[in-house]
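Novice: Provided below are the primary sequence and the corresponding predicted coordinates.
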Amino acid sequence: MIRLAKFEDYPALQQLITLSVRSLSTDYYTIHQIESSLKYIFGIDSQLITDGTYYVAKKDDAIVGCGGWSKRQTLFGGDQHKDVEDPLLDPAKDAARIRAFFVHPEYTRQGIGRQIIQVCEDAAMADGFQSIELGATLPGVPLYKAMGYRLIEDIDVSMPDAEVLEVVKMKKELV
């Protein structure tokens, strides 16, 4: 079951994000990059919950996946990654954003991420967006490629502790 995220989900979402990043990123990033990214980048972007564009996937009353889309400028990162509310994008000329996708390690490769992405793409199209962009971590690139996203550029994200995280900017046309 996929539903809109609520602020009451915050503790479960934070736990899921931490577990997902620590488990699914080990073949792509060092332990130092993973821990730094959890501190400085990955986390809940509460603006997505406020905007009604963040979703959770539940199975047997547990949250097993989460992700959303945004009509705001930020490409990636949780609340700790930004200081102010993001300006809104213009659907006539800007691409919407896919944001903050995480799946519980025990539920990967079961279509959960794909289902949430489809809900997000449909919602962004209904809101007038014609394309969508994302900042993919390396473990997520194969899924996004399989769903029709194309690589635009590699981005090295520098963190305050001098660690660098490789992120891949990707885009998909929705119409």
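Specialist: It's in.
Novice: could you say what helices and strands the lowest-mean-pLDDT helix or strand in the chain packs with?
Specialist: Across the helices and strands of the chain, mean pLDDT, DSSP states H and E gives its lowest value to helix 46-51, namely a mean of 92. Judged by 3 or more Cβ pairs under 8 Å, 6 or more residues apart in numbering; DSSP states H and E, the packing partners of helix 46-51 are strand 62-70. C-beta here means a position set from N, CA and C on the backbone, and glycine is covered the same way.
Novice: quick one: the strands in this structure?
Specialist: Counting by DSSP state E, the chain has strands at residues 2-4, 54-59, 62-70, 96-103, 131-137, 150-158, 164-173.
Novice: Hey, what's the angle from the fourth one to strand 62-70? Just curious.
Specialist: So that's strand 96-103. Put simply, strand 96-103 runs at 170 degrees to strand 62-70, going by axes from the mean of the first three to the mean of the last three Cα atoms, to 10 degrees.
Novice: how about strand 96-103 as PDB, C-alpha atoms only?
Specialist: Only the C-alpha atoms of strand 96-103 are listed here, as PDB (Å, rounded to 0.1, in the frame of the first residue of the first chain):
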ATOM      1  CA  ALA A  96      10.000  18.400 -11.400                       C
ATOM      2  CA  ARG A  97      12.300  16.600  -9.000                       C
ATOM      3  CA  ILE A  98      12.300  13.000  -7.800                       C
ATOM      4  CA  ARG A  99      13.500  13.100  -4.200                       C
ATOM      5  CA  ALA A 100      14.500  11.000  -1.200                       C
ATOM      6  CA  PHE A 101      13.900   7.400  -2.300                       C
ATOM      7  CA  PHE A 102      14.800   4.700   0.100                       C
ATOM      8  CA  VAL A 103      13.800   1.000   0.400                       C
END
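Novice: so what strands line up beside it?
Specialist: strand 62-70 (antiparallel), strand 131-137 (parallel) (DSSP bridges).
Novice: Return the distance of the residue positioned nearest the centre of the chain relative to residue 130.
Specialist: Centroid-nearest residue in the chain: residue 100, 2.0 Å away (criterion: Cα atoms, centre = their mean). Noted for residue 100: a distance of 22 Å to residue 130, by Cβ to Cβ, to the nearest Å.
Novice: Could I get the contacting residues of residue 132?
Specialist: 69, 95, 96, 97, 98, 120, 121, 124, 171, 172, 174 (Cβ atoms under 8 Å, 6 or more residues apart in numbering).
Novice: Export those as JSON lines, with columns for pLDDT.
Specialist: Below are the contacts of residue 132 laid out as JSON lines (pLDDT from 0 to 100):
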{"residue": "69", "pLDDT": "97"}
{"residue": "95", "pLDDT": "97"}
{"residue": "96", "pLDDT": "97"}
{"residue": "97", "pLDDT": "96"}
{"residue": "98", "pLDDT": "95"}
{"residue": "120", "pLDDT": "98"}
{"residue": "121", "pLDDT": "98"}
{"residue": "124", "pLDDT": "98"}
{"residue": "171", "pLDDT": "98"}
{"residue": "172", "pLDDT": "98"}
{"residue": "174", "pLDDT": "96"}
